[in-house]
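Visitor: Sequence first, then the predicted structure:
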Amino acid sequence: MIYTVTFNPSLDYIVSVDDFKLGLTNRTSSELMLPGGKGINVSIVLKNLGIQSTALGFMAGFTGKEIARRLEEEGVASDFIQIEEGISRINLKLKSIDGTEINGSGPKIPKEKVEELMKRLNTMKEGDVLFLAGSIPASMPDDIYSRIMKELKDKGIMIVVDATRDLLMNVLEYRPFLIKPNNHELGEIFEVTLKTREDVIPYGRKLQEKGARNVLISMAGEGAVLIAENGEVYSSPAPKGTLVNGVGAGDSMVAGFMTGWMEKQDYEHAFRMGVATGSASAFSEYLATRPEVEEVYKQLV
């Protein structure tokens, strides 16, 4: 079984406004509403690549029900824990105004609901895969990633972590199967500027020395690097294509990598699938489909 966790899922309301004027009534020229959150993106991309997962997390109010309904429409199973007060957040993304966003806060997560999630995760078995992705709501304990990994550490579960700074550093001792910092996040951890694929390798190795089994570093237009558990380093320039929408590209890369790994248990194939899926999402209006990924993959062989 494969599970993704999104602590603070959202309804993303993506709008374009022609000739936006501050202080006046503006009308949308296009609008789109999608279920959002890093773990949810991973679940949708996995489904597009032919792999079923269950999306876990918390939902509240009418927006929470709409997130679950839209996931069901996408063919993604969910098992969210219902929060009685508040509503799941709406994130407004003003597509035509330099990527301006106004993100909601989401509901307060009571302690007993956090424990309920821990109990659900404790039913996972050896060989299961768990994706932990994104930020933690202010109402939750900031060591929740570490707590989850500590709880599951001897169960033989493959855990993927896509988080930044302390959230990431604090889980390394529990040997996550995969982490995916980008070059800027990696640079922040070690207080250096990392621009080229060669630059990131020694710092990726440092994260491996601290416990990460595989370190996948995304670098936008510069490409990507994988420092694999088998000692190999795989490097790829960015595939050619036109950037349409960068939102969810990193989540897509993680989903693609794990799909590739589950298909062949081969790091080169997994890396190529990660790069192809991340790029295919960036080159399309929404998250990548299997045919789009296969088209980009051809560039990498």
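Guide: Noted; the coordinates are in hand.

Visitor: show me what contacts Glu85?
Guide: By Cβ atoms under 8 Å, 6 or more residues apart in numbering, the contact set of Glu85 is 60, 107-108. (Glycine included, C-beta is placed from N, CA and C.)

Visitor: let me redo that: Gly211
Guide: Residues in contact with Gly211 (Cβ under 8 Å, 6+ apart) are 172-176.

Visitor: Phi and psi next, for it.
Guide: Dihedral angles of Gly211 (phi, psi; degrees, to the nearest 10) stand at phi 140, psi -20.

Visitor: The nearest residue to it once chain neighbours are set aside: how many residues sit nearby?
Guide: Nearest residue to Gly211, sequence neighbours excluded (Cβ to Cβ, 6 or more residues apart in numbering): Leu172, at 3.8 Å. Using other Cβ atoms under 10 Å as the criterion, Leu172 is surrounded by 21 other residues.

Visitor: next one: Thr164
Guide: 16.

Visitor: re earlier: mark which of the contacts of Gly211 are buried, thanks.
Guide: 172, 174, 176 (16 or more other Cβ atoms under 10 Å).

Visitor: was I right about the last one contacting Ile157?
Guide: No. Counting by Cβ atoms under 8 Å, Pro176 sits too far from Ile157 to count as a contact (10.2 Å).

Visitor: Just list the residues touching the residue lying closest to Glu126 once chain neighbours are set aside, thanks.
Guide: Nearest-residue entry for Glu126: Gly156, 3.5 Å, with adjacent residues in sequence omitted and distances by Cβ to Cβ, 6+ apart. Gly156 sits next to 125-127 when contact means Cβ under 8 Å, 6+ apart.

Visitor: same question, Ser105
Guide: Counted by Cβ under 8 Å, 6+ apart, Ser105 has contacts 89, 137-138.

Visitor: can you list contacts of the helix or strand of the chain with the lowest mean pLDDT?
Guide: Every helix and strand in the chain was compared by mean pLDDT, DSSP states H and E; the lowest is helix 165-169, with a mean of 86. Applying Cβ under 8 Å, 6+ apart, the contact partners of helix 165-169 are 135-136, 142, 145, 161, 179, 181, 185, 188-189, 210.

Visitor: any idea which of the buried ones among the contacts of Gly211 is closest to Leu24?
Guide: Pro176 (48.8 Å; Cβ to Cβ).

Visitor: now that closest one: how far from Tyr3?
Guide: Separation of Pro176 from Tyr3 (Cβ to Cβ, to the nearest Å): 14 Å.

Visitor: Same question for Glu232.
Guide: Counting by Cβ to Cβ - Glu232 and Tyr3 are separated by 28 Å.

Visitor: what packs against the host helix or strand of Val275?
Guide: If you go by DSSP states H and E, Val275 is part of helix 267-282. Helix 267-282 sits against strand 214-218, strand 224-227, strand 233-236, helix 249-264, helix 290-300, with contacts defined as 3 or more Cβ pairs under 8 Å, 6 or more residues apart in numbering; DSSP states H and E.

Visitor: Convert the first one to PDB, retaining C-alpha atoms only.
Guide: I take that to be strand 214-218. Coordinates of each C-alpha in strand 214-218 appear next as PDB, following Å, rounded to 0.1, in the frame of the first residue of the first chain:
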ATOM      1  CA  ASN A 214      18.900   8.500  -1.600                       C
ATOM      2  CA  VAL A 215      19.200  12.200  -2.200                       C
ATOM      3  CA  LEU A 216      17.400  13.700  -5.300                       C
ATOM      4  CA  ILE A 217      18.300  17.300  -5.900                       C
ATOM      5  CA  SER A 218      16.100  19.300  -8.300                       C
END
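
Visitor: okay, the angle between it and helix 267-282?
Guide: When axes from the mean of the first three to the mean of the last three Cα atoms, to 10 degrees is applied, the directions of strand 214-218 and helix 267-282 differ by 30 degrees.
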